[in-house]
Structure formats: structure tokens, C-alpha cells
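J.: I'll drop the sequence and a predicted model, then ask my questions.
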Amino acid sequence: MARAVITDVPYRLTRLGVIMSADPEAAFEAEGVLNPASGRSPDGRLWLLPRLVAAGNVSRVGIAEVLVRDGRPAGVRRDGVVLAPDAGWERSHDHAGVEDPRTTWIAGLGVHVMSYVAFGPLGPRPALAVSGDLRTWRRLGPVHFEYQPELDADLNLFPNKDVVYFPEAIPGPDGRLAYAMLHRPMWDLGAIIGGSDIYRPAGLDDPRPGIWISYTPVDEVRDDVRALTHVRSHRLVALSEYEYEAVQIGAGPPPIRVGEGWLLIHHGVSGTLAAGWNRQRNARYCAGAMLLDPGDPGTVLARTTSPLLEPLVTEERDGTVPNVVFPTAIEEIDGQRFVFYGMADSSIGVARLDSVEAP
């Protein structure tokens, strides 16, 4: 059967304002609240799980109830910390963090799956945790990428970020149902071993970080949820194409199923990224979108040629890291979808996600 041709991504984002800002009197968030995950607790209440940054760039994952007024997010009620960099592989000699969480409710497993960046001795590495209530999280450990001979590269050697899971099982490359994750490996190892050489898999000519997909068979996860940390069948999904994402792209919130396929809100970076893990000062982060094939989510059907949201207001332009719009969560309230995003690594904003009728 021929695949339908889609020429555009018929969605738009409309900013609604700031929903959470750092409290300078609170030690855990003195340097920013940003890039939240989200989910609903068993009683149906909506929660954000923001990244909280303390002095020294030490990150924790907090929890805050979303307060709704007139059918839209209007503020939050803070309720503590749910994950801190307590494991040795989440700490280095000058940095520590459980950073930029994303959460996906996987109904087939009956758990929220949190992916997060563990900032350990060798830099940022993806890790997973699971919870039934968004409060008590069980670490599954760092993600392990199975060796794939045709890539001629061990993906475990490379820093990696922006891991998000699909909310349901999808067909894997071998035809078996699988749980799939998107991720963003980075090929420059200079921040770890020194130098400026770029190491990349066989057949990849473009050194810019892009979006990849990897899989874990459903039957293995049903036997032991820890199998989610062992992924295979790695494949490139998308690289930078347009001006607003000229430097790199990465997944934003977990994909959501829409009529056209899987809608992925992503971030694109333009400008100049500094070397190493230092906070960026000369880059510009915007939000775009892609539609992924419903039968093969490793295939892009359409993508936005210009950003859906870009740093224009003061809270997005001025902050710990200026000029940043960084989407990380999507939730539905009374039939309307909202996207939560980091603003200049200092605050959290919310935007309304709408479909756009074809002319």
C-alpha cells in the first residue's frame, strides 16, 4: 500500500505565559526551574516534574501540581523532590545531576517511564526510572545500547540526551512488537578525552547530532521491566534541515498519536554551541514539529520548515541560558493539549497546541 503524502505539519503553538519560575530563596532551585516532565497521578491530578537547579549546577527532579483555571494551566503548587543525584553514576568531581526528565505513561506496563540525563564521570548519559504514582521512582539504571556491527561504533561510548518513549508498543524492524525510544547521540568526544576529533558510525557523513530510534521487544519487557534499559536496532530518524535547527535537533516531549501519524515536537538549535558541557551563550533554541509514520515511526512524513515557537518574549530571551525555548511535556486538559517548555533555563512556560485546518 502506498504511503500517503503529507506536505506539512498541520499544528501550531500559541504561548500562554509563564507557569513556574525559580524561587531564589529555595536552595534547590536557586539557579532555575526548567524542562519539566509531566503526568497524571492515580487520582487524576496533573503534575509537572521540573528540573530544579541548585548552586553549582546540581540538578534534581521536583514535583508540582498543575493548577487549572478556566480550562488552562494557571500555576503550580510545589510538593518537593522526587529524584536526586544519589547514585555514583549520576555524579562527577565537579558536577552532579538528574537532568531534563521526560515521562511517558505506558498503559501496557502500568507504569510511568522516566528518561533522564544522568550527569556522571563521563558526562551526560541517558538513564531510566519507573513509577506508578509519579512520586516513588525505581531506578532501572543507565541505558545500554546493543552493539550493531553495521554501525561500526559502540553507542555506549558517546554522550546521549533527549530520550523519549512512545506510549504504546509499535512494530520493530524484525516485525515483533517493541517499545521504542528516540534519543540523540553526540559524536564529539572531546569533552571527555580531549581533542577535537569527531567519531561517528559508519555511513554517517553529517557530524551534527540528530534524532535516532532504538527498540526493546515487548516480550522481554513484560518478563522484566529492566529490559527497557537494553535497546537494539539503532537507526537514524532525522538530521537538521532548516535554518532554525542548523546546529542540531533533538526530541522534545514524548510523541503523541494523531490522525496523521505520530506527532513529535522537537527542538532545533541555531547559532554556535560552546565546546564541552558549559552552559551555552551563543545558541538559539526553537521548537519545531515532525510527523512520523504510524507504521514505521523511524520514518519522517513531514516536518516544519520554520519554528512553531521561538524565543521572543523576555522570559525566553533573558535567563541562565538566553534565547531558549525547550519543549519537554504535552498534556491534555478538557480536550485541549498544552505544551510545557523551558524558558532560558530559568522558568517554565506553557503553550496551547492546536491543529490547523487545511485551507
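T.: Ah, there it is. Residues are numbered from 1 along each chain as shown.

J.: ok, how many other residues are close to the closest residue to residue 89 other than its chain neighbours?
T.: Residue nearest to residue 89 in three dimensions, not counting chain neighbours: residue 120, with 4.4 Å by Cβ to Cβ, 6 or more residues apart in numbering. For every residue, glycine as well, the C-beta is placed using N, CA and C. Counted with other Cβ atoms under 10 Å, the neighbours of residue 120 add up to 20.

J.: Now do the same contact list for residue 120.
T.: The neighbours of residue 120, taking Cβ atoms under 8 Å, 6 or more residues apart in numbering as the test, are 88-92.

J.: Next: residue 63.
T.: Contacts here follow Cβ under 8 Å, 6+ apart; on that basis residue 63 touches 47-49, 78-82, 134-135.

J.: Quick check: it vs residue 212, distance?
T.: Distance, residue 63 to residue 212, by Cβ to Cβ, to the nearest Å: 30 Å.

J.: And residue 306, by the same measure?
T.: To residue 212, residue 306 is 24 Å away according to Cβ to Cβ.

J.: And the two? Which one has more around it.
T.: In this view residue 306 and residue 212 are compared by other Cβ under 10 Å, and residue 212 has more residues nearby, 24 against 11.

J.: Helix or strand: which one has the more buried one?
T.: Assigned by DSSP states H and E, residue 212 falls within strand 211-217.

J.: and the worst-scoring helix or strand of the chain on mean pLDDT, how far out from the chain's middle?
T.: Among the helical and strand segments of the chain, the one scoring lowest on mean pLDDT, DSSP states H and E is helix 190-193, with a mean of 76. Using Cα atoms, centre = their mean, to the nearest Å, the distance from the centre of helix 190-193 to the centre of the chain it belongs to is 23 Å.

J.: Give the buried residues for that helix.
T.: Of the residues in helix 190-193, none has enough neighbours to count as buried (16 or more other Cβ atoms under 10 Å).

J.: Restrict that helix to CA atoms and write it as CSV.
T.: Extracted in CSV, the C-alpha atoms of helix 190-193 (Å, rounded to 0.1, in the frame of the first residue of the first chain):
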residue,chain,number,x,y,z
GLY,A,190,36.5,16.0,23.1
ALA,A,191,34.7,16.9,26.3
ILE,A,192,35.6,13.5,27.7
ILE,A,193,39.0,12.5,26.2
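
J.: ok, back up a step: quick check: mean pLDDT of the strand holding residue 212?
T.: With pLDDT averaged residue by residue, strand 211-217 scores 98.

J.: Neighbouring strands - and their directions - for it?
T.: With DSSP bridges as the criterion, the sheet partners recorded for strand 211-217 are strand 177-185 (antiparallel), strand 230-238 (antiparallel).

J.: give me phi/psi at the residue nearest to residue 89?
T.: The main-chain torsion angles of residue 120 are listed as degrees, to the nearest 10 and equal phi -110, psi -160.

J.: Just list whatever residues bridge to it.
T.: Beta-bridge pairing of residue 120, defined through DSSP bridges, involves residue 123.

J.: which residues of this protein fall in helices?
T.: Secondary structure of the chain (DSSP state H): helices located at 190-193, 218-223, 314-317.

J.: got the contact list for the last one?
T.: Read that as helix 314-317. For helix 314-317, with Cβ under 8 Å, 6+ apart as the criterion, the contacting residues are 18, 21, 311, 323-325, 343-344, 346-347, 349.

J.: Quick one: distance of it to the chain centre.
T.: Using Cα atoms, centre = their mean, the distance between the centre of helix 314-317 and that of its chain works out at 21 Å.

J.: Pull out the buried positions in it.
T.: 315-316.

J.: State the mean pLDDT of it.
T.: 96.

J.: Just the CA trace of it, in CSV.
T.: Output for helix 314-317, consisting of C-alpha atoms alone and laid out as CSV, is shown next (Å, rounded to 0.1, in the frame of the first residue of the first chain):
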residue,chain,number,x,y,z
THR,A,314,11.7,38.5,27.9
GLU,A,315,11.5,35.2,29.9
GLU,A,316,12.7,33.2,26.8
ARG,A,317,15.4,35.7,25.8
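
J.: give me the low-pLDDT residue ranges for this protein?
T.: In the predicted model of the chain, residues 1-7, 274-280, 358-359 satisfy pLDDT under 70.

J.: same thing but 90
T.: Low-confidence segments of the chain, defined by pLDDT under 90: 1-8, 24-25, 55-57, 92-96, 120-123, 188-200, 272-282, 357-359.

J.: before we move on, back to that, give me the contacts around the strand holding residue 212.
T.: In contact with strand 211-217 (Cβ under 8 Å, 6+ apart) are residues 145, 162, 172-173, 176-185, 227-228, 230-239, 249-251, 264, 266, 297-298.

J.: and if we set it to 6 Å?
T.: Among residues not part of strand 211-217, those counted as contacts by Cβ atoms under 6 Å, 6 or more residues apart in numbering are 172, 176, 178-183, 227-228, 231, 233-238, 251, 298.
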